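Asker: show me the folded form of this:
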Amino acid sequence: MKRGPLIALIIILVIIAVLAILLVVPGSSGNQTVGTPNGTTTGTGATSTPTSTLTFDQSISDGVITVSYPSADFGLATNASQVLVHPYIPPCSAGFTYCLYYTGGAYSGTTFESAGIRIQKRTDLATQNQCLTTEPAGFGLRPVIVTSTDYAASVFSPLGDAAAGHFANGAVYRLSYGKNCYEFETRIGESDYGNYPSGSIQQFTPDEQTAIQNELQHILGTLVVVSSGESVHFPPPPQHLPVD
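Answerer: Residues are numbered from 1 along each chain as shown. The predicted model follows:
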């Protein structure tokens, strides 16, 4: 055989081999999507509600402040008997003026138990300093404080509670406006995965906890001072705060 045709055949075979490799090896072609689309929340267990699709169709107001919430995911109670979920650790501790508690089903079948926001007017905290700096009982936390033209706000975090294989975490926010002091406590409760037989339940994952935390934060983000229409911006809750 002449060398010319042989060389041409070898070149053709090499080209075919290179094309085959490009078609098979992952990541060798363009148009790849990396990460998660904006506005979605992912988890390894139950499907979480994307915060971008929440519809804040209901609101509560005492004439001083207004808070909106999505009725598809949250119920409203003004006393303990109106709270229609009954986990071991309730979504709101006692003494609330309003309780916004999670009623959605995104985390059913997991160790998630409850989530809520307790809203309470603190008439016992008469001054701005008392409102912003009085510690939640038993925690010894120092607040993070922000001020605005019309109001001041603070946050105490992290807060936790536990009992008989059940535990909760959250934060306490305070709003001082004029002579008014309001307290908002977020809480997420779950049960210990070790309490259940293997395979009988899914664990409430960190991603899912972040998703429900985001929902609570979005509700707090709707807080408005009625007289001025000004939105209230709380300081973000740090995970670790120094103690006194």
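
Asker: how long is stretch 176-184 from one end to the other?
Answerer: Distance across stretch 176-184, first residue to last, is 12 Å (Cα to Cα, to the nearest Å).

Asker: give the buried residues for that stretch.
Answerer: For stretch 176-184, burial by neighbour count (16 or more other Cβ atoms under 10 Å) applies to 176-177, 180-184. The way it works is simple: take the backbone N, C-alpha and C, and place the C-beta from them, glycine included.

Asker: got it, and stretch 203-216?
Answerer: Neighbour-count burial for stretch 203-216 flags 203-205, 208-209, 211-216 (criterion: 16+ other Cβ under 10 Å).

Asker: okay, these in a markdown table with secondary structure next?
Answerer: A markdown table is the format used below for the buried residues of stretch 203-216 (DSSP: H, G, I helix; E, B strand; the rest coil):
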| residue | secondary structure |
| --- | --- |
| Q203 | coil |
| F204 | coil |
| T205 | coil |
| E208 | helix |
| Q209 | helix |
| A211 | helix |
| I212 | helix |
| Q213 | helix |
| N214 | helix |
| E215 | helix |
| L216 | helix |
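
Asker: go through those residues and say which is closest to A80.
Answerer: L216 (19.7 Å; Cβ to Cβ).

Asker: hang on, the closest one packs against I119?
Answerer: No - using Cβ atoms under 8 Å, L216 makes no contact with I119, being 12.0 Å away.

Asker: tell me who's in contact with N180.
Answerer: Listed by Cβ atoms under 8 Å, 6 or more residues apart in numbering, the contact partners of N180 are 64-65, 121.

Asker: er, P237 actually
Answerer: Residues counted as contacts of P237 (Cβ under 8 Å, 6+ apart) are 144, 155, 157-158, 171, 173.

Asker: please spell out the ChimeraX selection for the buried subset of these.
Answerer: A single ChimeraX command selects the buried members of those (16+ other Cβ under 10 Å):
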select :144,155,157,171,173
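
Asker: which of the contacts of P237 scores worst on pLDDT?
Answerer: Among these, P158 carries the lowest pLDDT, at 89.

Asker: beta partners of the closest residue to P236 other than its chain neighbours?
Answerer: Closest residue to P236 apart from its sequence neighbours, by Cβ to Cβ, 6 or more residues apart in numbering: V155 at 7.5 Å. Taking DSSP bridges as the rule, V155 bridges to V144, Y173.

Asker: just checking, L223 touches V67?
Answerer: Yes - judged on Cβ under 8 Å, L223 makes contact with V67 at a distance of 5.3 Å.

Asker: about what we covered before: what's the closest of the contacts of P237 to A77?
Answerer: Out of the contacts of P237, the member with the shortest distance to A77 (by Cβ to Cβ) is Y173, at 19.1 Å.

Asker: let me see the contact set for that closest one.
Answerer: 153-156, 183-186, 220, 234, 237.

Asker: ok, it to Y193 distance?
Answerer: Going from Y173 to Y193 by Cβ to Cβ, to the nearest Å gives 29 Å.
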